[in-house]
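Q: Attaching a predicted model along with its sequence, questions to come.
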There are 2 protein chains.
Amino acid sequence: MNKSCYTQKNIREMEDRYRARFVNSLSGYKSANLIGTTDDKGQHNLSIVSSVFHLGANPPLMGFIIRPHSVERHTLENILVSQQYTINSVCQSIFKSAHQTSARYKKEESEFEKVGLTPILGSEIRAPYVKESPIQIGLSLREHTTLSVNNTELIIGEIQEIRVQDDALNTDGSIDVDSLELVAVSGLDSYHIGTRLARLSYAKPDSDLMELE
Amino acid sequence: MNKSCYTQKNIREMEDRYRARFVNSLSGYKSANLIGTTDDKGQHNLSIVSSVFHLGANPPLMGFIIRPHSVERHTLENILVSQQYTINSVCQSIFKSAHQTSARYKKEESEFEKVGLTPILGSEIRAPYVKESPIQIGLSLREHTTLSVNNTELIIGEIQEIRVQDDALNTDGSIDVDSLELVAVSGLDSYHIGTRLARLSYAKPDSDLMELE
C-alpha cells in the first residue's frame, strides 16, 4: 500500500483547518465523554471531550486535556472553583446531543437545556451527571497543570463514585463497552460504534496468546 | 436501565486484577498504538500503549503515559537517551502481534523479532517504524514529566514526520480510520474495530447539526 510522507515543513504549511483535521486524526479512535460541572451560581455546564485517559487504578485516577481559550473554558473555570466534576460516557443514542455541547454557548446558558440532556445530582459530587449516559463517574480534582509546550491544561481527578449499567459489567470486572453502544471519536467530528474482535490473554514471553471467553 | 453505584470504599476493597480491569474500562474506547524506540546499542524496542492522545495541531504534539516499573520501562529509557521515538497505529491484521509486545521480554531482546513485526528506518528519526502499520509518526521528545499523583510518566513529543496510507486521506485532511481497519482497545485486553455512524458539522449555538458527506 502506498504511503505519503509529510515533513514538519509540509505540516506547517497546511491550511489551518486542514492541519487540525489531519493531526487530530493521527492517534486513531478516541474516547467520547461529557464533562459535567457546576458554577458558583449553581448553573450546570456540559462539554464533550475526546482526550479522557486512564491514569491508574489504585488510587483510581483519570486525566483529560482542555485547550486554551476553547469553549471548554467554562468547564475549567468551574472545576477550579468547585474542585469536582463528572465524566459521562457518550453512547449512540446521545452522540448528536453530545457533539452539540461543543457549540460556543454563553456562560449563563446550560448546555444540558440547549442540547436536551438531563442533569442528575448525586450526594457525593457537586456536579451533575448525565442521566442518559451508561457510565457516570464523579471525580475530585487532584492536579491541574498548564503544559508549557502549548499552554493546554492537564486535569487529573480521583474517582469518588461510579455508576455503571448493571448488565454490561462482566464477572471479572471488565465492562462490555460494545453492549453499552459507547461511541468513539476520530478526528474532529467523526463518530463510530465498535465491534469486538477478541479479548486476548495476558501476554507472556514464551506462551501463545489465547482468546478469552 | 439499572445502574450499580460504587463508592471509593467499594473500589478500594476490590481484588487488584478486578479493580484494574474495571477502572481501565471506564474511559471507553482507547487508541491502540505501538511505540518504537532504539537503545544506545542499536537494539530496537516496541511497546503497545493505549494512552496516546492529541495535544495540539500547531505545533503538532502528541502525548502518552508510561506506568512506573512497567514493561514499557525500556521504552522510556530509550526515549530519554535518544530523544526520539515513533508512534505506529495498530490495525486488525496486526493486533495480536501488537498485544504480544506487552510481554515482559528482556532488554536485549527485540519485540519486533519476537512478535513478527518489521522495523523500518527513515532518515529523520533515530527509531524504527512498524512497516505493517498504516499510520507511522516520527517524534522528538519535547517534555517528560513524572506526575506526582501516582508517579506515572507523561511523555510529550513533537511530530517530525508522518507516513500515512494514501487512500485513507480525505480531501479535507481527515483520515478515514475505519477504512484502515484501525483497532480500538477497551479495558486491559479487548480489541474492537469501528464502524462510522456519521461525521457531524461544526456545532453552533443556533443552528442544527448536519451530517457531512
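A: Arrived safely.
Q: per-residue pLDDT, A:Pro60?
A: Confidence at A:Pro60, expressed as pLDDT, is 98.
Q: oh sorry, the question was meant for A:His74
A: A:His74 is given a pLDDT of 88.
Q: Can you classify it as helix, strand or coil?
A: When classified by DSSP: H, G, I helix; E, B strand; the rest coil, A:His74 comes out as helix.
Q: Tell me the spacing between A:Leu188 and A:Val115.
A: To A:Val115, A:Leu188 is 18 Å away according to C-beta to C-beta, to the nearest Å. (C-beta placed from N, C-alpha, C; glycine too.)
Q: Next: A:Met1.
A: Computed as C-beta to C-beta, the A:Met1 to A:Val115 distance reads 40 Å.
Q: Quick check: phi and psi on the residue most central in space within chain A?
A: Centroid check for chain A by C-alpha atoms, centre = their mean gives A:Asn33 as the closest residue, at 3.3 Å. Main-chain torsions, A:Asn33, degrees, to the nearest 10: phi -140, psi 150.
Q: how about the strands in chain A?
A: A:3-7, A:30-31, A:33-38, A:44-49, A:53-57, A:60-66, A:84-89, A:119-120, A:129-130, A:135-147, A:152-165, A:183-186, A:190-199 (DSSP state E).
Q: can I get those strands in a markdown table with distance to chain B?
A: Shown next, in a markdown table, are the strands of chain A (distance: least, C-beta to the nearest C-beta, whole Å):
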| stretch | distance to chain B |
| --- | --- |
| strand A:3-7 | 4 |
| strand A:30-31 | 4 |
| strand A:33-38 | 7 |
| strand A:44-49 | 9 |
| strand A:53-57 | 4 |
| strand A:60-66 | 5 |
| strand A:84-89 | 5 |
| strand A:119-120 | 11 |
| strand A:129-130 | 10 |
| strand A:135-147 | 5 |
| strand A:152-165 | 4 |
| strand A:183-186 | 4 |
| strand A:190-199 | 4 |
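Q: okay, those strands in CSV with distance to B:Asn78 next?
A: Shown next, in CSV, are the strands of chain A (distance: least, C-beta to C-beta, whole Å):
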stretch, distance to B:Asn78
strand A:3-7, 23
strand A:30-31, 26
strand A:33-38, 32
strand A:44-49, 31
strand A:53-57, 22
strand A:60-66, 24
strand A:84-89, 33
strand A:119-120, 47
strand A:129-130, 41
strand A:135-147, 23
strand A:152-165, 24
strand A:183-186, 29
strand A:190-199, 29
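Q: among the ones you listed, which is nearest B:Glu153?
A: strand A:53-57 (11.0 Å; C-beta to C-beta).
Q: Spit out the contact partners of A:Ser89.
A: When the contact criterion is C-beta atoms under 8 Å, 6 or more residues apart in numbering or on different chains, the partners of A:Ser89 are A:Ser31, A:Ala32, A:Asn33, A:Leu34, A:Ser133, A:Pro134, A:Ile135, A:Gln136, A:Val177, A:Leu180, A:Leu182, B:Gly28.
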